[in-house]
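[1] sequence plus the predicted model coming up.
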Amino acid sequence: MHPNPEILRLFDLLNFGKMHHADKIAFCTRKGDAWIKTTFEEYAQQSDRVSQALISSGIKTGDNIATISRNRAEFNFVDMGIMQIGAVHVPLYATIDDQKLKAILIETACKIVFAGNEKIYRKVAALTLTIPTLEQVICFDEIPENETFEAFLQKNEGGFSKENLQQIKDRVFTDDIASITYISGSTTEVKGIVHSHADHIHNSLAIAKSTCITHEMNLLSLLPLAHSYERSINYCVQYLGATTWYNSNFKTLEQELQEIKPEVIFMVPFLMQKIFDLLASKLIPEIISDKSQLMELLQLASDNEAGIEVSAISDNNKLLIDKIFALFRQAMGGNIKMLYCGGAALNQNLRRFFDNCGMTCFEGYGLTEAGPVVAHNSPLMHKAGTVGKAVSDTQIKISDEGEVLVKSPSSLKGFYKNTSVESPVDGEGWLHTGDTGILDADGFLTLTGVSKRIFKLSNGIYTDPLTIEKKLESIAGLAKAFVTGINKDFLVAVLVPDFDSLRNILQNNIIQESNNITFLENSTIAEYLHDAMRQYNTLNRGTENQVKYIFTSDTWNTENQLLTVSGDLNRKALQLKYGSQIEEIYLSANKS
């Protein structure tokens, strides 16, 4: 059963918006020093213009159209314009690398690409000769040699009337494919996840039931609209009639927070940490300059749940902490009512800090394959430290092995043109998430780890540690590598040197130590290994590739159970053995 009979296809949100919020501002996009505002009525009109221009360009039902852009109102015009004529939207990140972009455009046979700016336009235009299906690249920003977006919108060679367009809309059904969302990190396979109109609608309207967002509120959009979480929220907010302001650049965030004074922000943990670091570096020195005392205050500010009085804190420290909280509230615009965070596990100290500031952070959980949101906390149902309860019409259960299983009307229809990838949905309709967790008696979900090798960093990027481990093991002088970093800001590698190889490599240097422990402490050996790792990190850019590292002289074998009987890494055993050393690296990074 659909959550709202008025909305069966995503573009039905346009008529719904016109009926309920016509003159209200839907989107605000920054252009220079000004905000360009679009009403819900104008949104519907612009989307129709896109549809008519696409038809005049020869686009038909089932054709794939890509957008590569930072967040702006035009993304929405194109999104709805594509889907109104039964075509399929392929939203891609503005930061996508050339190799993956080419692979995706070839796989999807996209006929038109909408580029957000000149840099993206030129990157895509350079590929047109090698991708025969790609007919046109249109830039939202004006560039001299390219047809402007406005000129494209004026295309209507077939003379399509509103009635003609309506007939085409009527031939689009709720179970038709609406989008293909690509997920991957630089170390994982590119996979296109297929979702129908019904999938998106179920998820977005399920979120809308419990977020407590109202049409009077302002939402600051920070996550890319190509991200499945942000896109689902985007539809949810449109349905509720709130106003979305698109952050143009992280560098302008402080200014925009003061201009907009948002009530709501949706984030991933990496972004939340980034905002904290930005504000802390600028605000806290106004109160205190002593770094050790600052660390103590921040620890005290995030040690306890909101509302719990701690008598052990001195009156002077309480006063300083209250000043820090007040500065943070002001820096965030002074009007925050809700912070929602999902996409990866959130550092609980960070959550408690914002909670204690008076800006409650509601954690959630999801994955693109699930539509994406599976569970979340909200003002209506909140248990700190959990990722909340299942959203409407979604079921969660824990398998005998501890894996989180999800049954949802929003789950993927499959992987686009990729029959080699096994579906994560079993014969009974349960999506196997690869995450482990526990459900309490009230139905709140707490995540405890992962049951699969591939994991996410705190920025939501998927990482395959095996790919990185193989790269590291190819470095002369290294024998074994174990890479971890589940839900962290960066990766850590535990490295076992190849001692015999090192002795051969450095044979011209007189190294007397025969014991591996003292051998590893030799300055010549240490310098060689650190140089090799510096070179690796220089050549392999991105948080999903680069590693901080520790060396060990330990032997890994099946006897000590650090390797499995097949010779693979026993990841759980390695994590247990080196967990404290790994955690020290993360703690040290946080302190700095």
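    The structure has been received and is ready for your questions. Please read these numbers as outputs of a predicted model, since none were measured by experiment.

[2] so how far is the first residue of stretch 257-272 from its last?
    End-to-end span of stretch 257-272 (Cα to Cα, to the nearest Å): 14 Å.

[3] on the three-state scheme, the closest residue to residue 480 other than its chain neighbours is what?
    Once flanking residues are discounted, residue 480 sits nearest to residue 496: 4.0 Å by Cβ to Cβ, 6 or more residues apart in numbering. (Each C-beta comes from the backbone N, C-alpha and C, glycine too.) Assigned with DSSP: H, G, I helix; E, B strand; the rest coil, residue 496 falls in the strand class.

[4] wait, residue 496 sits on residue 557?
    No - contact between residue 496 and residue 557 fails when scored by Cβ atoms under 8 Å: they sit 10.8 Å apart.

[5] what about those two, which has more around it?
    Higher neighbour count among residue 496 and residue 557: residue 496, with 20 against 10, using other Cβ atoms under 10 Å.

[6] could you point out which element follows the least confident helix or strand in the chain by mean pLDDT?
    In the chain, no helix or strand scores lower on mean pLDDT, DSSP states H and E than helix 291-302, which sits at a mean of 73. The helix or strand immediately downstream of helix 291-302 is helix 315-331, counting by DSSP states H and E.

[7] what helices or strands is the following helix or strand past that following helix leaning on?
    The helix or strand immediately downstream of helix 315-331 is strand 338-341, counting by DSSP H and E. Here strand 338-341 touches strand 264-267, helix 269-283, strand 361-366, going by 3 or more Cβ pairs under 8 Å, 6 or more residues apart in numbering; DSSP states H and E.

[8] quick check: buried residues in the helix or strand following strand 338-341?
    Of the helices and strands lying after strand 338-341 in sequence (DSSP H and E), the nearest is helix 348-357. Neighbour-count burial for helix 348-357, with 16 or more other Cβ atoms under 10 Å as criterion, is recorded at 350, 351, 352, 353, 354, 355, 356, 357.

[9] over to stretch 116-123?
    116, 117, 118, 120, 121, 123.

[10] among the residues you listed, name the ones in helices.
    118, 120, 121, 123 (DSSP state H).

[11] what's residue 134 in contact with, if anything?
    Applying Cβ atoms under 8 Å, 6 or more residues apart in numbering to residue 134 gives the contacts 105, 110, 111, 112, 113, 124, 127, 128.

[12] so where do the strands sit in the stretch 401-550 of the chain?
    Here the stretch 401-550 of the chain has its strands, by DSSP state E, counting those that start in this stretch, at 403-407, 414-415, 431-439, 445-450, 455-456, 462-463, 478-484, 491-497, 547-551.

[13] CSV for these, including mean pLDDT?
    Formatted as CSV, the strands of the stretch 401-550 of the chain follow (pLDDT from 0 to 100):
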stretch, mean pLDDT
strand 403-407, 96
strand 414-415, 92
strand 431-439, 92
strand 445-450, 88
strand 455-456, 83
strand 462-463, 82
strand 478-484, 93
strand 491-497, 95
strand 547-551, 94
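
[14] out of the ones you listed, which gets nearest to residue 265?
    With Cβ to Cβ as the criterion, residue 265 lies closest to strand 455-456 of the strands of the stretch 401-550 of the chain, at 20.2 Å.

[15] so what does the closest one touch, helix or strand wise?
    Checked by 3+ Cβ pairs under 8 Å, 6+ apart, strand 455-456 has strand 462-463 packed alongside it.

[16] elements contacting the strand it packs on?
    Using 3+ Cβ pairs under 8 Å, 6+ apart, strand 462-463 is in contact with strand 455-456.

[17] note down every partner strand of the strand it packs on and its orientation.
    Its sheet considered, strand 455-456 pairs with strand 462-463 (antiparallel) by DSSP bridges.

[18] ok now the partner strand, how far from the chain's centre?
    Per Cα atoms, centre = their mean, to the nearest Å, the displacement of strand 462-463 from the mean C-alpha position of its chain is 11 Å.

[19] got it, and stretch 23-33?
    Distance, stretch centre to chain centre, for stretch 23-33: 24 Å (Cα atoms, centre = their mean).

[20] report the buried residues of it.
    Buried residues in stretch 23-33, counted by 16+ other Cβ under 10 Å: 25, 26, 27, 28, 29, 30.

[21] so who does the first one touch?
    Contacts here follow Cβ under 8 Å, 6+ apart; on that basis residue 25 touches 37, 38, 39, 243.

[22] now the second one
    Taking Cβ under 8 Å, 6+ apart as the definition of contact, the neighbours of residue 26 are 17, 38, 39, 40, 42, 43, 73, 76, 238, 243, 244.

[23] confirm that it sits in a strand.
    Yes - when classified by three-state DSSP, residue 26 is found to be part of a strand.

[24] what pLDDT does the nearest residue to residue 247 once chain neighbours are set aside get?
    Distances taken as Cβ to Cβ, 6+ apart put residue 222 closest to residue 247, at 5.1 Å, once the chain neighbours are dropped. Looking at residue 222, its pLDDT is 94.

[25] go on, residue 290?
    pLDDT recorded at residue 290 is 67.

[26] please tell me how far the residue sitting nearest the centre point of the chain sits from residue 489.
    Nearest to the mean C-alpha position of the chain, counting by Cα atoms, centre = their mean, stands residue 460 at 4.0 Å. In this view, residue 460 and residue 489 are 12 Å apart by Cβ to Cβ, to the nearest Å.

[27] cool, residue 452 as well?
    Distance of residue 452 to residue 489, given as Cβ to Cβ: 21 Å.

[28] got it, and residue 349?
    Taking Cβ to Cβ, one finds residue 349 at 13 Å from residue 489.

[29] all helices of the stretch 51-200 of the chain, in order?
    73-84, 98-108, 118-125, 149-153, 162-169, 197-208 (DSSP state H, counting those that start in this stretch).

[30] who are the contact partners of the closest residue to residue 532 other than its chain neighbours?
    In this structure, residue 532 finds its nearest non-sequential neighbour in residue 475, 5.2 Å apart by Cβ to Cβ, 6+ apart. Taking Cβ under 8 Å, 6+ apart, we find residue 475 in contact with 532, 533, 536.

[31] I'd like those laid out as TSV, including distance to residue 445.
    Converted to TSV, the contacts of residue 475 look like this (distance: Cβ to Cβ, whole Å):
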residue	distance to residue 445
532	42
533	38
536	37
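
[32] of those, which is the nearest to residue 503?
    Among these, residue 532 lies closest to residue 503 (Cβ to Cβ), at 15.4 Å.

[33] and for the closest one, the neighbour number?
    Count around residue 532 with other Cβ under 10 Å applied: 17.

[34] can you check the pLDDT for it?
    So residue 532 comes in at 91 (pLDDT).

[35] quick one: it and residue 149, what's the gap?
    Going from residue 532 to residue 149 by Cβ to Cβ gives 49 Å.

[36] ok, now residue 19?
    Here residue 19 is placed at a distance of 27 Å from residue 149 (Cβ to Cβ).

[37] single out the most deeply packed of the strands of the stretch 401-550 of the chain.
    Mean neighbour count (mean count of other Cβ atoms under 10 Å) peaks for strand 455-456 among the strands of the stretch 401-550 of the chain, with a mean of 24.

[38] picking that back up, which ones are touching the residue nearest to residue 247?
    Residues in contact with residue 222, defined by Cβ under 8 Å, 6+ apart, are 247, 250, 253, 265, 266, 267, 271.
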